[in-house]
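Trainee: sequence first, then the predicted structure:
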Amino acid sequence: MLEIRNLHARIAEDGTEIIRGLNLTVKAGEVAAIMGPNGSGKSTLSYILSGREDYEVTEGDILYNGESILELDPSERAAKGIFLAFQYPVEIPGVATMQFLKVAMNEQRKFRGEAELTTPDFIRRVKEASARLHINPDMLKRPLNVGFSGGEKKRAEILQMALLEPKLCVLDETDSGLDIDALKIVADGVNALRSPDRAVIVITHYQRLLEYIVPDTVHVLYKGQVIKSGDKSLALDLEANGYADIIGAAA
Amino acid sequence: MAAVQETIDQVALIDVDQYKYGFETTIEMDKAPKGLSEDIIRFISAKKDEPEWMLEWRLDAYRRWLTLEEPTWARVNYPKIDFNDIHYYAAPKSTPGPTSIDDVDPELLKVYEKLGIPLREQEILAGVEKPRIAVDAVFDSVSVVTTFKEELKKAGVIFMSISEAIREHPELVKKYLGTVVPTTDNYYATLNSAVFTDGSFVFVPKGVRCPMELSTYFRINEKGTGQFERTLIIAEDGAYVSYLEGCTAPQRDENQLHAAVVELVALDDAEIKYSTVQNWYPGDKEGKGGIYNFVTKRGDCRGKNSKISWTQVETGSAITWKYPSCILRGDGSRGEFYSIAVSNGHQQIDSGTKMIHLGKNTSSRIVSKGIAAGVSQNTYRGQVSTHRKAENARNFTQCDSLLIGDKCGAHTVPYIEARNSSAQFEHEATTSKISEDQLFYCLQRGIPTEAAIALIVNGFVKEVIQELPMEFAVEAQKLIGISLEGSVG
């Protein structure tokens, strides 16, 4: 589903290179965890996958279902099924969450040449998905992310993910700022979306989230490269021994 | 929800800088020669078949105007206007004054059809579920038709063009005209008093709640003319009226002047709600052409517990100079001002309000949302003042500005004067940019740039949009989306 080949990328503004020859393959149906110390390029990778203009790819390629996506703008990538759950979801004042959901769903449908959702169909979908995530319908009337608690913001992200039905989900530190109950709800929401035709990339600092979203593969990112890959036991090793050993071995 | 979707659809449909009302209609016109003099004023007055006192009133204003200087305090720049290079009167030859719909020139009817303004009562009635709106259609210097007049008359409401009112209800006009905006008020208002041609007159008698929305639709069509609108609305004790105003003009390279005066009078316990969607031609991408909109609008809360509410959506005009204000004279009276001012391209807006607290326990509320894009300049200028005897005056002001791009400017100039220590004034102001983060977030959800901006902007102006009558709210949202077309990139 996703193949990143020898990717090099830098910050457009000052030319600082963040990603330095990164290789990664994620298959359909796979849940891949990306771990790594602060500053290793984890969040940058999520932005580059979703096409944020602040970064420049200088070398290498990103293939999504066999096609390069480097030339696509963020909204085109989104409509093709790439979803990023933000570490810090952005506030949109005056725009009710419900309204935002409808615009996003219909814009993606429009891009794919599908008919817009009818209002009853839209409402039914939102009701079902929000019930699964224990989202109070009142929250959906409030402006998106404005005054939301940390847990509400993350649940709103997963709600959007469930409704937009992406093929490649990137979760950027979705566990940050969550207490254990909220973490379980979010993890359940993600697990419910696991399917043979969908891939999930979980970016996280900690093993804790991976107890609830069990990954098929674990990759360690350091200085803009994947320096070690393994199965879920790798995450447990990291939890027990820290990054030092792996980083030392790679260096 | 649906409205926002419509905005986005509309934005998607229309190319950059499409001003969709820019067409021109060829219609044979009866015009005054260019220039301004006592003779021209006599000409206008004669055309309107006015009584002598009206002519004297005009001439008096004209003589005063000759002694005045054009104001320069606003944050707008434009070449000096040659007031002698304007036709002060232009009326379609076929329809030189208000008449019944059957007598209106079909060419004129086509214009309004094209603008989407319903003039045939049967057609309006046919759509049962839609609320009915009575329309006064002003074309250049004359009102061509006013709908639902008979039905309104049954309710006791007078709704007609001001020219007709001067002839048919001189006692009412004499009693109220110029009592809110005196002929001596300011340069443009004084000019308007001398040369005003048409506008609407509304009188809602004691205890009557006007049974439908009233509206006036102003269209400038003829080249080289100025439009000098004069509107007077009176709500007697306990009366209520909601009035809407819309305006458009053809796309032209030259600038045209629109200098209006609107006066509102609310007596005891009366309420007037006045909404404007101003969409005059804003000029082209290079800033060529467009309407100069110099407008004096003022409401007098003359009676106790009266209320006047101004809501404006300003998207058009090359220059806007406009401060719809309230004189809170009656004890317990209330004034409101809700504004959305959108500037794009080379547009310049200097707009705001004055809330003048004179009576006891008066209150006012100001919510202003300015959106600047392109290389435009957008200024909020507002004054809140309390008189010595105005005990317990309250004001809340909120001014928010949103910048799109980095070549435009937003300015907030509030003047606050409290001469009574019991006054409580609150002022909040913010300036923000549509952040890269917000835009990226929307894009990442599959919402393309133009639609994302429309969504964010509609969120920003929501508080004001809610104040507009329903049908206008949808229109206004569309308009804001269109006005910001091509503002990014």
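Mentor: Arrived safely, thanks for sending.
Trainee: where does the residue of chain A found nearest chain B land in three-state SS?
Mentor: Closest approach between chain A and chain B, counting by Cβ to the nearest Cβ: A:G94, at 3.0 Å. Bear in mind the C-beta positions are built from the backbone N, C-alpha and C, glycine included. Following DSSP: H, G, I helix; E, B strand; the rest coil, we place A:G94 in the coil state.
Trainee: check contacts around the nearest residue to it once chain neighbours are set aside.
Mentor: Of all residues not flanking A:G94 in the chain, B:G459 sits nearest, at 3.0 Å (Cβ to Cβ, 6 or more residues apart in numbering or on different chains). Counting by Cβ atoms under 8 Å, 6 or more residues apart in numbering or on different chains, B:G459 touches A:92-95, A:143.
Trainee: most neighbours among the residues you listed, which one?
Mentor: Using other Cβ atoms under 10 Å in any protein chain shown as the neighbour criterion, A:V95 leads the contacts of B:G459 with 25 neighbours.
Trainee: tell me the contacts of that one?
Mentor: By Cβ under 8 Å, 6+ apart, the residues touching A:V95 are A:143-144, B:4, B:455-456, B:458-459, B:462.
Trainee: lowest-confidence one in the residues you listed?
Mentor: Least confident of the contacts of A:V95 in the model: B:V4, at 44.
Trainee: could I get stretch B:162-176 in PDB with only the CA atoms?
Mentor: Coordinates of each C-alpha in stretch B:162-176 appear next as PDB, following Å, rounded to 0.1, in the frame of the first residue of the first chain:
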ATOM      1  CA  ILE B 162     -39.900  58.800  -1.200                       C
ATOM      2  CA  SER B 163     -40.800  60.900  -4.300                       C
ATOM      3  CA  GLU B 164     -44.400  59.600  -4.000                       C
ATOM      4  CA  ALA B 165     -44.400  60.200  -0.300                       C
ATOM      5  CA  ILE B 166     -43.500  63.800  -0.700                       C
ATOM      6  CA  ARG B 167     -46.500  64.300  -2.900                       C
ATOM      7  CA  GLU B 168     -49.000  62.000  -1.000                       C
ATOM      8  CA  HIS B 169     -47.900  62.300   2.600                       C
ATOM      9  CA  PRO B 170     -46.300  65.700   2.800                       C
ATOM     10  CA  GLU B 171     -47.200  66.100   6.500                       C
ATOM     11  CA  LEU B 172     -45.300  63.000   7.500                       C
ATOM     12  CA  VAL B 173     -42.300  63.700   5.300                       C
ATOM     13  CA  LYS B 174     -42.200  67.300   6.600                       C
ATOM     14  CA  LYS B 175     -42.400  66.100  10.200                       C
ATOM     15  CA  TYR B 176     -39.500  63.600  10.000                       C
END
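Trainee: rewinding a little: ok, so of the contacts of A:V95, who is nearest B:I234?
Mentor: B:K462 (32.4 Å; Cβ to Cβ).
Trainee: excluding chain neighbours, what is closest to residue 222?
Mentor: Let's take chain A. A:S40 (4.9 Å).
Trainee: not quite, I wanted chain B
Mentor: B:A90 (4.2 Å).
Trainee: count of neighbours near the one you found?
Mentor: Other residues near B:A90 number 23, with proximity taken as other Cβ under 10 Å.
Trainee: so who does it touch?
Mentor: Per Cβ under 8 Å, 6+ apart, neighbours of B:A90: B:29-32, B:140-141, B:222, B:225.
Trainee: B:D136 contacts B:Y217, doesn't it?
Mentor: Yes: counting by Cβ atoms under 8 Å, B:D136 does reach B:Y217; the two are 7.4 Å apart.
Trainee: more neighbours: those two, which one.
Mentor: Between B:D136 and B:Y217, B:D136 has the larger neighbour count (other Cβ under 10 Å), namely 30 against 21.
Trainee: tell me the SS of the more buried one?
Mentor: Here B:D136 is recorded as strand under three-state DSSP.
Trainee: which residues does it contact?
Mentor: Counting by Cβ under 8 Å, 6+ apart, B:D136 makes contact with B:143, B:145-147, B:159-161, B:200, B:214-217.
Trainee: ok, which pair from those residues is furthest apart?
Mentor: So, these by Cβ to Cβ: farthest apart are B:M160 and B:Y217, at 14.7 Å.
Trainee: check which helix or strand whichever residue of chain B sits closest to chain A maps to.
Mentor: Ranked by Cβ to the nearest Cβ, the top residue of chain B for proximity to chain A is B:G459, at 3.0 Å. For B:G459, the host element (DSSP states H and E) is helix B:449-460.
Trainee: equivalent analysis for B:Y415, please.
Mentor: Here B:Y415 sits within strand B:409-418, counting by DSSP H and E.
Trainee: distance from the chain centre to that strand, please.
Mentor: Taking the mean of its C-alpha atoms, strand B:409-418 sits 21 Å from the chain's own mean (Cα atoms, centre = their mean, to the nearest Å).
Trainee: list the pairing partners of it within its sheet, with orientation.
Mentor: Strand pairing for strand B:409-418, using DSSP bridges, gives strand B:377-386 (parallel).
Trainee: just give me how far the partner strand sits from the chain centre.
Mentor: Centroid displacement of strand B:377-386 relative to its chain, using Cα atoms, centre = their mean, is 17 Å.
Trainee: do the same with stretch B:270-283
Mentor: In terms of Cα atoms, centre = their mean, the centre of stretch B:270-283 is found 3 Å from the chain centre.
Trainee: and stretch A:178-186, by the same measure?
Mentor: How far stretch A:178-186 lies from its chain's middle: 17 Å, per Cα atoms, centre = their mean.
Trainee: which residues are contacting that stretch?
Mentor: A:133-134, A:150-151, A:154-155, A:158, A:174-175, A:208-209, A:212.
Trainee: what about the residue lying closest to A:T16 once chain neighbours are set aside, how many residues nearby?
Mentor: Nearest residue to A:T16 in three dimensions, chain neighbours excluded: A:R10, at 5.8 Å (Cβ to Cβ, 6+ apart). Residues lying near A:R10 (other Cβ under 10 Å) number 18.
Trainee: try B:R394
Mentor: Neighbours of B:R394 (other Cβ under 10 Å): 17.
Trainee: which residues does it bridge with?
Mentor: Taking DSSP bridges as the rule, B:R394 bridges to B:S363, B:Q424.
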